[in-house]
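> sequence plus the predicted model coming up.
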Amino acid sequence: MERGEGEAEMAKVVVVTSGKGGVGKTTTTAALGAALAQRGERVVVVDFDVGLRNLDLIMGAERRVVFDLINVIQGVAKLSQALIRDKRLENLWLLPASQTRDKDALTEAGVERVIADLRTKFDWILCDSPAGIERGATLAMRYADEAIIVTNPEVSSVRDSDRIIGMLDSKTVKAESGERVTKHVLITRYDAGRAARGEMLSIDDILEILATPLLGIIPESQDVLRASNVGSPVTLNNAASVAARAYADAARRLCGETIAMMVPAERKRFMDRLLGRRAA
Amino acid sequence: MQLKAEPQRQLVRLRGRSYVAFVFTPSMPIMDWLAEIDATLARSPGFFVGRPIVLDLSAVDLSRQGIVQLVTSLSDRDIRVLGLEGVDAERLDPRLPPLLTGGRQCVIEQVPPRKEEPKPAPVASLLIDTPVRSGQCVVFTEGDVTVLGSVGSGAEIVAGGSIHVYGTLRGRAMAGINGKADARIFCQRIEAELLAIDGYYQTAEDIDETLRGQAVQAWLDGDNMKITPLN
């Protein structure tokens, strides 16, 4: 996992965030982390949800946690002691959160130090943010280069995501130094049938409200739930499933590839419009 | 002839020392005032024993005879007068206690003898009769921790001594954290995420699958943590 000094600037810090809880941030972090690692990238997924850790469960590493992010921040443990290597992918690592400490144990200086340290070791640092706009969430996005805003096709989720995008544009180190955090929207739990019946916001409406490029659309799928319950990122558990393929595509887009947006929808015309929007 | 004078031997050494004395200020009529003293003595007969008393006569105008009488009647009550105050020197006679001047006010505090507070017996054990939930962290560095319920996944018990769990241990248990290598961890059902004794630990993964769900104890055998079934 060590690498040369010259490569250090390649590392990308990506925060996976949302305003509302329960939209699938943790699932997304694990799925994208695994998908990137499958492509040969060196990936670490960091659980910033201190107090309510879950990423270790989704990654199936909860039985191997000894030290966590807070221990590293407080200097109790070294980073190398806290990192857990995935059993399936040797390029994939996890930095778990602590459940017994509260989010106040995260300090800005500590987070900065850990992120800087991770940058020297990995290509991708995926930060699983807690929901909301509180300290934990702001610290998770603080040092991000890119952000994935996970949203469900429902009004409350979209409005909260809008709030988070506002924070990404004002409260991050990049924003404060006049740069921009690259932002992507990832729509999860999308049900084409219900969207067609008008029971969900359409993708058009979501993108219209958020005015942010789309990274992917993950269909509502039993595979996602099944994968969570066996402690495996969906992209590893059942790579052939629709959800896994959607995540794999999203990972490729994150790497800069142009992939046609697979909309799990009956209406073809819809997809064309989307592609037009993304190019714009 | 000697140039140096013989050092003189000092025969009388004078040293200053101050004492705290009670000051009596008799008031007229003297008989009533004495009755007051008698009443005090009736309540606590030993009150004035061994206490230096100074008489302040500034509030009364007594003749030499009167002063002698007052001092006598006090000594009849076993009150020894150490000195007199607030009276002209010519009214005194050699039989009377000396005249004192330059007395300063001070507050006499009666310090009641401190009662020995019953010291709380050293607590050697902490008893928790509720389940320890995920996210809770129980730290008891003084001694043993006993949990009557279960310890949830993501909960943590940290003890200076041993840890006893009479439910399912799903979370983390760290015993003997202050270097107590003979501490042990006991539980009714083991599903633990992490067990540690005196810094040696095993995560869930290191724990033998066959032990899962059993009643076990964990203990240190030198540098090795052993987990063995109870009974």
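Looks like it came in fine. Residues are numbered from 1 along each chain as shown, chains lettered A, B, ... in the order given.
> how about the contacts made by A:Thr212?
When contacts are counted by Cβ atoms under 8 Å, 6 or more residues apart in numbering or on different chains, A:Thr212 touches A:149, A:165, A:183-185. In short, each C-beta sits where N, CA and C put it, glycine included.
> which residues of the chain score low on pLDDT?
Because you didn't say which chain, this covers chain A. Residues of chain A that meet the criterion pLDDT under 70 lie in A:1-9, A:264-280.
> try again with chain B
Chain B contains residues with pLDDT under 70 at B:1-11, B:107-110, B:112-113, B:121, B:123.
> hmm, A:Ser232 is touching A:Ala61, no?
No. A:Ser232 is beyond contact range of A:Ala61, at 10.4 Å (criterion: Cβ atoms under 8 Å).
> before we move on, the earlier item: top of the contacts of A:Thr212 by number of neighbours, please.
Counting neighbours by other Cβ atoms under 10 Å in any protein chain shown, A:Ile149 comes out on top of those with 27 neighbours.
> by contact count, what packs against the helix or strand that one falls within?
Using DSSP states H and E, A:Ile149 sits in strand A:146-151. Other helices and strands packing on strand A:146-151, by 3 or more Cβ pairs under 8 Å, 6 or more residues apart in numbering or on different chains; DSSP states H and E, are strand A:12-17, helix A:25-38, helix A:155-168, strand A:182-190, helix A:203-210.
> nearest to chain B, out of the contacts of A:Thr212: which one, please.
A:Ile149 (27.0 Å; Cβ to the nearest Cβ).
> run through the bridge partners of that closest one.
Applying DSSP bridges to A:Ile149 gives these bridge partners: A:Thr17, A:Val185.
> same question, B:Val165
B:Val147, B:Cys187.
> A:Asp160: how many residues sit nearby?
Quick note: A:Asp160 (other Cβ under 10 Å) scores 20 neighbours.
> in stretch B:149-160, what counts as buried?
B:150-160 (16 or more other Cβ atoms under 10 Å in any protein chain shown).
> typed the wrong thing, it's stretch A:112-124
A:114-115, A:118-119, A:121-124.
> so who does the closest residue to B:Asp93 other than its chain neighbours touch?
Take B:Asp93 and drop its neighbours on the chain: the residue closest to it by Cβ to Cβ, 6 or more residues apart in numbering or on different chains is B:Arg64, 6.0 Å away. Counting by Cβ under 8 Å, 6+ apart, B:Arg64 touches B:91-93.
> tell me the residues of chain A that contact chain B?
By Cβ under 8 Å from any Cβ of the partner chain, the residues of chain A that approach chain B are A:51-53, A:62-66, A:99-101.
> please repeat the previous calculation with a cut-off of 7 Å.
Contact residues (Cβ under 7 Å from any Cβ of the partner chain) of chain A with chain B: A:51, A:62-66, A:99-100.
> in TSV, list the residues you listed along with neighbour count and secondary structure.
Formatted as TSV, the residues of chain A next to chain B follow (neighbours: other Cβ atoms under 10 Å in any protein chain shown; DSSP: H, G, I helix; E, B strand; the rest coil):
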residue	neighbour count	secondary structure
A:Gly51	20	coil
A:Glu62	22	helix
A:Arg63	18	helix
A:Arg64	19	helix
A:Val65	24	coil
A:Val66	17	coil
A:Gln99	29	coil
A:Thr100	22	coil
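> out of the residues you listed, who's nearest B:Leu195?
A:Val66 (11.0 Å; Cβ to Cβ).
> excluding chain neighbours, what is closest to the closest one?
What sits nearest to A:Val66 in space, not counting adjacent residues and going by Cβ to Cβ, 6+ apart, is B:Thr203, at 5.8 Å.
> ok so, going back, pick out the most distant pair among the contacts of A:Thr212.
Distances among those were taken as Cβ to Cβ; the most separated pair is A:Ile165 and A:His184, at 10.6 Å.
> okay, and the common contacts of those two?
Residues touching both A:Ile165 and A:His184 (Cβ atoms under 7 Å, 6 or more residues apart in numbering or on different chains): A:149, A:212.
> picking that back up, go through the contacts of B:Arg64 and say which is closest to chain A.
Nearest to chain A among the contacts of B:Arg64, with distances taken as Cβ to the nearest Cβ, is B:Leu92, at 78.9 Å.
> and that closest one, how close does it get to B:Ile30?
Note on B:Leu92: its distance to B:Ile30, by Cβ to Cβ, to the nearest Å, is 17 Å.
> got it, and B:Asp93?
As judged by Cβ to Cβ, B:Asp93 and B:Ile30 stand 19 Å apart.
> where strands are concerned, which of the buried residues of stretch A:112-124 count?
Among these, the subset assigned to strands under DSSP state E consists of A:Trp124.
> closest one to A:Val263 out of the buried residues of stretch A:112-124, please.
Nearest to A:Val263 among the buried residues of stretch A:112-124, with distances taken as Cβ to Cβ, is A:Trp124, at 26.0 Å.
> dig out what the nearest residue to that closest one once chain neighbours are set aside forms beta bridges with.
What sits nearest to A:Trp124 in space, not counting adjacent residues and going by Cβ to Cβ, 6+ apart, is A:Val43, at 4.5 Å. Using DSSP bridges, the beta-bridge partners of A:Val43 come out as A:Leu92, A:Trp124.
> which residues touch A:Val43?
A:Val43 sits next to A:33, A:36-37, A:91-93, A:122-124, A:126 when contact means Cβ under 7 Å, 6+ apart.
> where does chain B come near chain A, residue by residue?
B:134-137, B:154, B:156, B:193-194, B:201, B:203-205.
> in the residues you listed, find the pair that's most separated.
Most distant of those, by Cβ to Cβ, are B:Gln136 and B:Glu205, 23.3 Å apart.
> neighbour-wise, which of those two wins?
When neighbours are counted by other Cβ under 10 Å, B:Gln136 comes out ahead of the other of B:Gln136 and B:Glu205, with 18 against 14.
> from what I can see that one touches B:Ala155, true?
Yes. In this structure, B:Gln136 is within contact of B:Ala155 by Cβ atoms under 7 Å, at 4.9 Å.
> overlap in contacts of the two?
By Cβ under 7 Å, 6+ apart, no residue touches both B:Gln136 and B:Ala155.
> picking that back up, quick check: angle from the strand holding A:Ile149 to helix A:25-38?
140 degrees (axes from the mean of the first three to the mean of the last three Cα atoms, to 10 degrees).
> CA atoms of strand A:146-151 as PDB?
Written as PDB, here are the backbone C-alpha positions of strand A:146-151 (Å, rounded to 0.1, in the frame of the first residue of the first chain):
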ATOM      1  CA  GLU A 146     -15.000  15.400  -5.000                       C
ATOM      2  CA  ALA A 147     -18.400  14.700  -3.600                       C
ATOM      3  CA  ILE A 148     -21.000  12.100  -4.300                       C
ATOM      4  CA  ILE A 149     -24.400  13.300  -3.200                       C
ATOM      5  CA  VAL A 150     -26.600  10.300  -2.600                       C
ATOM      6  CA  THR A 151     -30.300  11.100  -3.000                       C
END
